[in-house]
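Student: Kindly generate the corresponding structure for this input.
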Amino acid sequence: MSLPSTFIYTHRVCYADTDAAGFIYHARYLDIFERSRAEWLAQKNLSPSKLITEFKILMPVRELQMEFHKPGRLDDMLHIDQVIERRSRAQVSVRQTAKRATLKASMELELIASALINIVCLDVDTLKPKAFPDFLFAAE
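Tutor: From the prediction side, this is the model:
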């Protein structure tokens, strides 16, 4: 069951995001998606450091798959969203997409890149799997 996010992160592509051809460098999408997840946590009054100190959990990326659909360019305004595709006790699979507004009159969003990111929840001290806190995925 997919749970759509009501949180959209926007990112303006700057010069540092691009390669010599003027396209978004492929590895920069990982940074952009990470910032989106960090802002999603901040919206819930959480942060990675708060999760570590108060809840004793880490949430490292275990695995990811990326697809590049169209080249993103300097000054593009990207809309990043996330959808939880699967969740178990100690692992969550999040689909993140980067879309940009097109020049069409409808201003529909055009898919630029997507990733399926598997994140695990680990205990800070033992580095063993630990259940995600339920409040993390409570309805927004």
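Student: Could I get the full set of strands for this protein?
Tutor: Taking DSSP state E as the criterion, the chain contains strands spanning 3-4, 9-12, 57-58, 61-68, 77-87, 91-101, 109-120, 122-123.
Student: Can you tell me which of the ones you listed is packed in deepest?
Tutor: strand 91-101 (a mean of 20; mean count of other C-beta atoms under 10 Å). No exception for glycine: its C-beta is placed from N, CA and C like everyone else's.
Student: And that strand, what does it pack against?
Tutor: Helices and strands touching strand 91-101, as assessed by 3 or more C-beta pairs under 8 Å, 6 or more residues apart in numbering; DSSP states H and E, comprise helix 28-43, strand 77-87, strand 109-120.
Student: With distance to Glu63 and mean pLDDT as new columns, can these be given to me in a markdown table?
Tutor: As requested, those are arranged in a markdown table below (distance: least, C-beta to C-beta, whole Å; pLDDT from 0 to 100):
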| stretch | distance to Glu63 | mean pLDDT |
| --- | --- | --- |
| helix 28-43 | 13 | 94 |
| strand 77-87 | 12 | 93 |
| strand 109-120 | 4 | 96 |
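Student: and those as JSON lines, adding distance to Phe132?
Tutor: Output for the helices and strands packed on strand 91-101, formatted as JSON lines (distance: least, C-beta to C-beta, whole Å):
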{"stretch": "helix 28-43", "distance to Phe132": "13"}
{"stretch": "strand 77-87", "distance to Phe132": "8"}
{"stretch": "strand 109-120", "distance to Phe132": "9"}
